[in-house]
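Asker: Okay, sequence plus prediction incoming.
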Protein chains: 2
Amino acid sequence: MKPVTVYDIAREANVSVATVSRVLNNTAPVKASTRERVVSLINKYQFSPNALARSLIKKETGMIGIILPDITNPFFPEVLAGLEQEARNKGYTFFLCDTGSSNQDVQAQYQRESQYLNILVEKQVDGIIMLGGRVDLVKCDPDLIKEVAEVNKRLPVVLINGNLPGASLYRVVIDESAGAAMAMQHLIDLGHREIAFIGGYKQMSNTIQRVQGYVKAMERNGLPVDKKRILQGGFSVEAGKKLMAELLKNNEHGRITAVFCANDLTAIGAIKTAVKAGLRVPEDISIIGFDDIPFAANSMPELTTISLKCTELGRMAADVLHKLITNKKVSRLTSIQPELIVRESTAPLKE
Amino acid sequence: MKPVTVYDIAREANVSVATVSRVLNNTAPVKASTRERVVSLINKYQFSPNALARSLIKKETGMIGIILPDITNPFFPEVLAGLEQEARNKGYTFFLCDTGSSNQDVQAQYQRESQYLNILVEKQVDGIIMLGGRVDLVKCDPDLIKEVAEVNKRLPVVLINGNLPGASLYRVVIDESAGAAMAMQHLIDLGHREIAFIGGYKQMSNTIQRVQGYVKAMERNGLPVDKKRILQGGFSVEAGKKLMAELLKNNEHGRITAVFCANDLTAIGAIKTAVKAGLRVPEDISIIGFDDIPFAANSMPELTTISLKCTELGRMAADVLHKLITNKKVSRLTSIQPELIVRESTAPLKE
DNA sequence: CTGAAAGCGCTAACAT
DNA sequence: ATGTTAGCGCTTTCAG
């Protein structure tokens, strides 16, 4: 069964295709009686205008692309939820481009990003949002940066929580330093002085910023910074377990009383290891996370953490992208303030 | 800056657009020297063929749509991950259509499904996958069913874990009854006889099936079925807490020794309530979940549950859809066997 | 191996 | 208020 087109409708309604188009788009006045005739035909055949043809001519598709590393990491669905809301309100549909970082090495991931970038350009999306992957790198390969810069010449690209220096892209970010400062201040206010930092990757800018926040807070409070108490190695629960075990091994005298984790997942791992080692959280050791993924509220004990306002991040990114697409003015950098969420995994230092 | 087209390339290479198209698609032999000329021009201008124009003529877009209720529920990202893998391998990009069930009433959700259905048809996707929402209803409004049936006349629609009777759609499902049976058998094998079921919604077919599995297993083992021990009220952690509290209230004599939860989220809520009530899990009460979301392995205690093979579900759905799109034969119903995952939240009944 | 020309389904001047 | 017509950028006969 051949799909019905504007021509079919036009013929049967005894009007021209232009008129059909007009009632479809309300782009010019149409006599009530003709409009009615056309509308009823549209309903009769359940006519659905071909968006490809329309987009081909209008040079806009109402589609945007979002490239992210791993939908399975609970951080990203939160961002997506915000993005979706805002995008839908503005009339966009979006391609989810998951580069599947969890099952492969990073090179393959960057390659996949490139691949998706090309596909999205070909499909004529109105704009692209990127987060994770190369965007998080402290030192990103210039070729990878250039590639994104080239795409950005054709259509707007906005970055969430990252940067590609030199590509001069629009960005919406969470204020990582502020977040790290909040976390540390919370621990210090509770009386902790022997604090460790675990998690993350040192080649990633978010980790660097969080570590810097840790170091600065220690120094600001006149506390010594011991590099042996800053451990990197990933963002997963497993990483958290491993790093915490390492920390505990070098901590025979039980001096460390609080741990600032690079994210909630590592914090959860850290708690598990601590508990298995016979420590009580938070009585014996306070643990604070970072991100505020939904699960943070459901762990046992419930996790004290820094909310990265994921949903808002997504919403803002969609908003900025929309403004870019419609040539409205936006500032090049939108910064969102994180928030301390106090739950059960931190407690005052026992004397 | 105007985007470059096949015409621009053709002109500069002194060939016709047909030839450019040929080298682009390898659709006919082209003399090596001409091909080279064209290719170098393509690289020079970073020419990217307009997929809209191509799709308009080829009547295929390489796009599929996936409609789901809430990306924030950890069950769905798992499905998506499988879907993405398979779809990418087969050359598809996909629209994520989240109907945002978490922020609204169900009517608005169904409406949003309808809206997305229309958009996807207009955008000429090659196929659609639906899960959650109306698809899960035991008694779905005939109009809502008909709507999907109509869409299915134009392009293939496959359902994951659901059904719309009468629309005769292709489906890939997890064998819920088998899963429920596994869960119950595990508890019974551990010696439990006083078992309750909590969670889910009685208007949803998955809940019905799980409850049926519960009832059958009880009867098969000659255990009495007490309706007061079958409680519905949602799939969230909150629901789990509430329902568990209710169960405990009517359980003053501490007779119930095991609880089968409708999903992992409710199981987590149930554990929290049980622990707060002074019960030890699993020593005093065994709790089993359903789904095997990633977090199930990270809760404390780690959750014994039934794996719904989410990733495989997504992968199979993409595979079935692809076969449908390419007119290959597939069976109308693909059923996947769940798997019992024993962790720490269940233990033998104490004498 | 290559070119000319006819569309895919729609919108947007430009007429009337 | 409505019709005519020329594309949007590409693929695909059909010739040569």
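Answerer: Yep, that arrived. Small disclaimer: the values here were computed from a predicted structure and weren't measured.
Asker: which residues does A:M316 contact?
Answerer: Under the criterion of Cβ atoms under 8 Å, 6 or more residues apart in numbering or on different chains, the neighbours of A:M316 are A:G82, A:V172, A:T334, A:I336. (C-beta placed from N, C-alpha, C; glycine too.)
Asker: Report pLDDT for it.
Answerer: Predicted confidence (pLDDT) for A:M316: 98.
Asker: mind exporting the helix or strand hosting it as CSV, just the C-alpha atoms?
Answerer: Using DSSP states H and E, A:M316 falls within helix A:310-325. The C-alpha atoms that make up helix A:310-325 are tabulated as CSV, following Å, rounded to 0.1, in the frame of the first residue of the first chain:
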residue,chain,number,x,y,z
CYS,A,310,22.2,16.2,36.5
THR,A,311,18.7,16.8,35.4
GLU,A,312,19.3,20.5,35.4
LEU,A,313,22.5,20.0,33.5
GLY,A,314,20.6,18.2,30.8
ARG,A,315,17.9,20.8,30.7
MET,A,316,20.3,23.7,30.5
ALA,A,317,22.3,22.0,27.7
ALA,A,318,19.1,21.5,25.7
ASP,A,319,18.2,25.1,26.3
VAL,A,320,21.6,26.5,25.3
LEU,A,321,21.6,24.3,22.2
HIS,A,322,18.1,25.5,21.3
LYS,A,323,19.2,29.1,21.6
LEU,A,324,22.2,28.4,19.4
ILE,A,325,20.0,26.7,16.8
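Asker: Helix or strand: which one has the closest residue to A:T311 other than its chain neighbours?
Answerer: Once its chain neighbours are removed from consideration, A:T311 has its nearest residue in A:G82; the separation is 3.6 Å (Cβ to Cβ, 6 or more residues apart in numbering or on different chains). Here A:G82 is covered by helix A:75-89, with elements defined by DSSP H and E.
Asker: before we move on, back to that, the helix or strand that the helix holding A:M316 is followed by pairs with which strands?
Answerer: Per DSSP H and E, helix A:310-325 leads on to strand A:333-336 as the next helix or strand towards the C-terminus. For strand A:333-336, the pairing partners within the sheet under DSSP bridges are strand A:170-174 (parallel).
Asker: how near is the residue nearest to A:V173 when sequence neighbours are not counted to DNA strand D?
Answerer: On the basis of Cβ to Cβ, 6+ apart, the spatially nearest residue to A:V173 that is not a chain neighbour turns out to be A:N161, at 5.2 Å. A:N161 sits 34 Å away from DNA strand D, taking Cβ to the nearest atom of the strand, to the nearest Å as the criterion.
Asker: A:N163 and A:S205 touch, don't they?
Answerer: Yes. Applying Cβ atoms under 8 Å as the test, A:N163 and A:S205 come out as touching, 6.7 Å apart.
Asker: could you give the angle of the helix holding A:G82 to helix A:310-325?
Answerer: The directions of helix A:75-89 and helix A:310-325 differ by 40 degrees, with axes from the mean of the first three to the mean of the last three Cα atoms, to 10 degrees as the criterion.
Asker: From the contact counts, what lies against helix A:75-89?
Answerer: strand A:63-68, strand A:93-98, strand A:127-131, helix A:310-325, helix B:75-89, strand B:93-98 (3 or more Cβ pairs under 8 Å, 6 or more residues apart in numbering or on different chains; DSSP states H and E).
Asker: okay, those in a markdown table with distance to DNA strand C next?
Answerer: Listed next are the helices and strands packed on helix A:75-89 as a markdown table, based on distance: least, Cβ to the nearest atom of the strand, whole Å:
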| stretch | distance to DNA strand C |
| --- | --- |
| strand A:63-68 | 16 |
| strand A:93-98 | 16 |
| strand A:127-131 | 19 |
| helix A:310-325 | 16 |
| helix B:75-89 | 25 |
| strand B:93-98 | 19 |
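Asker: Please, where are all the helices along chain A?
Answerer: The residue ranges that make up the helices of chain A, judged by DSSP state H, are A:6-13, A:17-25, A:32-44, A:51-58, A:75-89, A:106-122, A:142-154, A:176-189, A:205-220, A:237-249, A:264-276, A:310-325.
Asker: Tell me which of those is the most buried.
Answerer: With neighbours defined by mean count of other Cβ atoms under 10 Å in any protein chain shown, none of those is more surrounded on average than helix A:264-276, at a mean of 25.
Asker: angle of that helix against helix A:75-89?
Answerer: Counting by the same axes, to 10 degrees, helix A:264-276 points 150 degrees away from the direction of helix A:75-89.
Asker: Check whether A:V135 really touches A:L164, as I assumed.
Answerer: Yes. A contact is recorded between A:V135 and A:L164 when judged using Cβ under 8 Å, the distance being 6.3 Å.
Asker: between those two, which one's more packed in?
Answerer: The residue with the greater number of neighbours, taking A:V135 and A:L164 and applying other Cβ atoms under 10 Å in any protein chain shown, is A:V135; the counts read 27 against 23.
Asker: Tell me how far that one lies from DNA strand C.
Answerer: For A:V135 relative to DNA strand C (Cβ to the nearest atom of the strand), the value is 35 Å.
Asker: How about A:L24: what's its closest non-neighbour residue?
Answerer: Leaving out its chain neighbours, the residue that sits closest to A:L24 by Cβ to Cβ, 6+ apart is A:P49, at 5.9 Å.
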